[in-house]
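Visitor: Provide a 3D model corresponding to the input given below.
(chains A, B, C and D)
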Number of protein chains: 2
Amino acid sequence: MLDQANKTSRPRLRKAERRERILLELKLYPHVRIAELAERFGVSTETIRRDFDALSKKGLLSRAHGGATVASHQQYPDFDARNQARVEERERIGRRAAALVQPGDSVMVDSGSTTLQMARFLAYEGTQCTVLTNSLPIAMAVGQSAGAQVILCPGDFLPSEAAVVGPDAIEFIDRHHFDRCFIGASGLTPEGVSETVRGFAAIKRAMLRRADRAHLVIDGAKLGTTGMAHVGALDSFASVVTDRRPDPAMQAALNKASVEVLVAA
Amino acid sequence: MLDQANKTSRPRLRKAERRERILLELKLYPHVRIAELAERFGVSTETIRRDFDALSKKGLLSRAHGGATVASHQQYPDFDARNQARVEERERIGRRAAALVQPGDSVMVDSGSTTLQMARFLAYEGTQCTVLTNSLPIAMAVGQSAGAQVILCPGDFLPSEAAVVGPDAIEFIDRHHFDRCFIGASGLTPEGVSETVRGFAAIKRAMLRRADRAHLVIDGAKLGTTGMAHVGALDSFASVVTDRRPDPAMQAALNKASVEVLVAA
DNA sequence: AAGCTTTGTGGTTAATCGCACATCTATGTA
DNA sequence: TACATAGATGTGCGATTAACCACAAAGCTT
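Guide: As a prediction, the model looks like this:
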């Protein structure tokens, strides 16, 4: 039942075309089943399985038992795999950071996987607060909470991070004033805080400007590393939440800058 | 992992709490696995399975082999169930509407399930365009496309619709000018277009003001119904994309207002 | 026609599902 | 306090389904 009824069905496209359709299907529904697709395309399940393998190797989908799901907020597959092991650490950091928010606070939350964990705990605990963020997953996570009001920044959408950046976002942040901000980062050294993703550093700096108290949330694995863009000096922050005690040099620098160190147990 | 470290772990809450967490997890990741959740919560897989059964009976998630997936794009379960049968119609409308976008166009896309379908086709076809939207799922869908640049509106986040509303959004839209806008609606009658969700009508009106050509995308089942808020008169629109030919009275009104009717086959 | 790629088939292993029944826990009642 | 009860959870089992591997068949390219 090779349906080359129309002239456009050059066989060489068959595989590619089918995979395109799988991706389309995945855009329409979050989850597709192997058996279902096999039947729809009139091929064997083994073929679909091979398609899944190929597509998942490219990071275009993530496999599950019996089917496949859209690639989780499309980060690079390597990035995702590399950091999956640290989810638990991030959860601990996020929980500790969420505990800093007092009922009635207004807080800005930067985009990032660690701050997302924090947002989840904020929603889970139902802390009553107003949250301004430039991250779509964070907005959706905190939005679940009945106690929270969420304000989203405008700007240019960055698909790889599911966040917005750019001048519109900066200007929007600058029009506000909040009690606290929670900032993630790619690196922390005695010289300060740095970021790798293009466009994010400016957002973080804007949040630092417009919040009374700044908290850095950072995976312990990033202590001692540096990203390409400078975010701010240590003394911009009131505290840093991490999962690992900083080494003596780092600790000394933090002490000198009067930064409180909170190690999530 | 959140266990009952704190005193609030009354066992009677355990079940409800766990299910809340499952739903929260599902908001963050499109697919969760039974085994994974069982381990995380420290319960047996059978318990998670029963949770899935209960939640899926309520329409809050859809089951899959080995796990569960978000119920298609967080609407009220009833609403969702009622309209699930019309997904195919929406797909057709969305595809037809997406075809109206010319390469290089700048388009505003209103939030809504039909416009979301349109956004998915836009992404699938890779049409090169700039998209401004107030809907988070639409931003994420169109963001998939390499050809598209996505601009997100600021504003107050509305969790039930995963979109932003409010004065910030309106003002932001008013600062732009786009080639086209695609508007969804709750109702269409000879008197005009109307909307039910509070706050959305003002967004739609702003988009209508700031776009050269307006297209209404609307499920045929909504022809002849009225929402509580007025969006605009028929002559605000250049065309309406639907899946059912309007009745004679409606058709006459559309003709009189010079609205092109596109019925998606 | 040769060679490569893609796809299908068969059989085995592993995982999940769904059910029945036992256990545990919180709560209500005497 | 002791007991009874209902709801929630865990365990064991057979049936179902998917994953995986290797090889054969079919299709396209040259």
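
Visitor: What residues does the stretch 51-200 of chain A have near DNA strand C?
Guide: For the stretch 51-200 of chain A, the residues in contact with DNA strand C under the definition Cβ under 7 Å from any atom of the strand are residue A:65. In this view, the C-beta of every residue, glycine as well, is placed from N, C-alpha and C.

Visitor: Would you state the strands of the stretch 51-200 of chain A in chain order?
Guide: Using DSSP state E, counting those that start in this stretch, the strands of the stretch 51-200 of chain A run over A:61-64, A:67-70, A:106-109, A:129-133, A:148-152, A:155-158, A:163-165, A:178-183, A:187-189, A:192-195.

Visitor: How much space separates residue A:213 from DNA strand D?
Guide: To DNA strand D, residue A:213 is 39 Å away according to Cβ to the nearest atom of the strand, to the nearest Å.

Visitor: thinking again about what came up before, and of the strands of the stretch 51-200 of chain A, who's closest to residue B:212?
Guide: Smallest distance to residue B:212 across the strands of the stretch 51-200 of chain A (Cβ to Cβ): 22.2 Å, for strand A:155-158.

Visitor: Alpha carbons of the closest one, as CSV, please.
Guide: Extracted C-alpha coordinates of strand A:155-158, given in CSV (Å, rounded to 0.1, in the frame of the first residue of the first chain):
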residue,chain,number,x,y,z
GLY,A,155,10.0,40.7,24.7
ASP,A,156,11.6,38.5,22.1
PHE,A,157,10.8,34.9,22.7
LEU,A,158,13.9,32.7,23.0
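
Visitor: what does that strand contact?
Guide: A:134, A:163-169, A:172, A:197, A:199, B:139, B:143, B:149-152 (Cβ atoms under 8 Å, 6 or more residues apart in numbering or on different chains).

Visitor: Name every strand pairing with it and say which way it goes.
Guide: With DSSP bridges as the test, strand A:155-158 is paired with strand A:163-165 (antiparallel), strand B:148-152 (antiparallel).

Visitor: Please state the offset of the first one from the chain centre?
Guide: Taking the mean C-alpha point of strand A:163-165 and that of its whole chain, the gap between them comes to 11 Å (Cα atoms, centre = their mean, to the nearest Å).

Visitor: ok, back up a step: buried members of the contacts of strand A:155-158 into ChimeraX, please.
Guide: Remark: buried members of the contacts of strand A:155-158, expressed as a ChimeraX selection using 16 or more other Cβ atoms under 10 Å in any protein chain shown:
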select /A:134,163,164,165,166,168,169,172,197,199 /B:139,143,150,151,152
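
Visitor: so residue A:121 makes contact with residue A:95?
Guide: Yes. When contacts are counted by Cβ atoms under 8 Å, residue A:121 is listed as touching residue A:95 (4.8 Å).

Visitor: So, low pLDDT: which residues of chain A?
Guide: Residues of chain A that meet the criterion pLDDT under 70 lie in A:1-13, A:27-28, A:71-87.

Visitor: domains in it, as residue ranges please.
Guide: Domain segmentation of chain A under automatic domain parsing yields A:11-70, A:82-263.

Visitor: Which one, of the strands of the stretch 51-200 of chain A, ends up nearest to residue B:113?
Guide: strand A:67-70 (17.5 Å).

Visitor: that older thread, the strands of the stretch 51-200 of chain A: which one's closest to residue A:48?
Guide: strand A:67-70 (8.9 Å).

Visitor: ok, back up a step: need the strands paired with strand A:155-158 in TSV (columns: distance to DNA strand D).
Guide: TSV is the format used below for the strands paired with strand A:155-158 (distance: least, Cβ to the nearest atom of the strand, whole Å):
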stretch	distance to DNA strand D
strand A:163-165	32
strand B:148-152	31
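
Visitor: would you turn the ones you listed into a markdown table with distance to residue A:16?
Guide: Converted to a markdown table, the strands paired with strand A:155-158 look like this (distance: least, Cβ to Cβ, whole Å):
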| stretch | distance to residue A:16 |
| --- | --- |
| strand A:163-165 | 31 |
| strand B:148-152 | 21 |
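
Visitor: So for residue B:193, which of the ones you listed sits nearest?
Guide: For residue B:193, the closest of the strands paired with strand A:155-158 is strand B:148-152, at 23.9 Å, according to Cβ to Cβ.

Visitor: Give me the contact list for the closest one.
Guide: Outside of strand B:148-152, the residues within contact range by Cβ under 8 Å, 6+ apart are A:136, A:152-157, A:159, A:164, A:168, B:122-123, B:126-134, B:136, B:139, B:142-143, B:164, B:176.

Visitor: Would you mark the buried spots in stretch A:91-105?
Guide: Quick answer for stretch A:91-105 (16+ other Cβ under 10 Å): A:91, A:92, A:93, A:94, A:95, A:96, A:97, A:98, A:99, A:100, A:101, A:105.

Visitor: Grab the nearest non-local neighbour of the first one.
Guide: So the one you mean is residue A:91. Of all residues not flanking residue A:91 in the chain, residue A:117 sits nearest, at 5.3 Å (Cβ to Cβ, 6 or more residues apart in numbering or on different chains).

Visitor: repeat for the third one
Guide: The shortest distance from residue A:93 to any residue other than its chain neighbours is 4.8 Å, reached at residue A:264 (Cβ to Cβ, 6+ apart).

Visitor: Is the one you found in contact with residue A:99, as I believe?
Guide: No. Residue A:264 is beyond contact range of residue A:99, at 9.5 Å (criterion: Cβ under 8 Å).

Visitor: follow-up on the earlier one: residue contacts, the residue nearest to residue A:93?
Guide: The contact partners of residue A:264, by Cβ under 8 Å, 6+ apart, come to A:89, A:92, A:93, A:95, A:96, A:97, A:241, A:242, A:243.

Visitor: Just want the phi and psi numbers for it.
Guide: When read as degrees, to the nearest 10, the backbone of residue A:264 gives phi -80, psi 120.

Visitor: Equivalent analysis for residue A:213, please.
Guide: Taking degrees, to the nearest 10 as the convention, residue A:213 sits at phi -130, psi 130.
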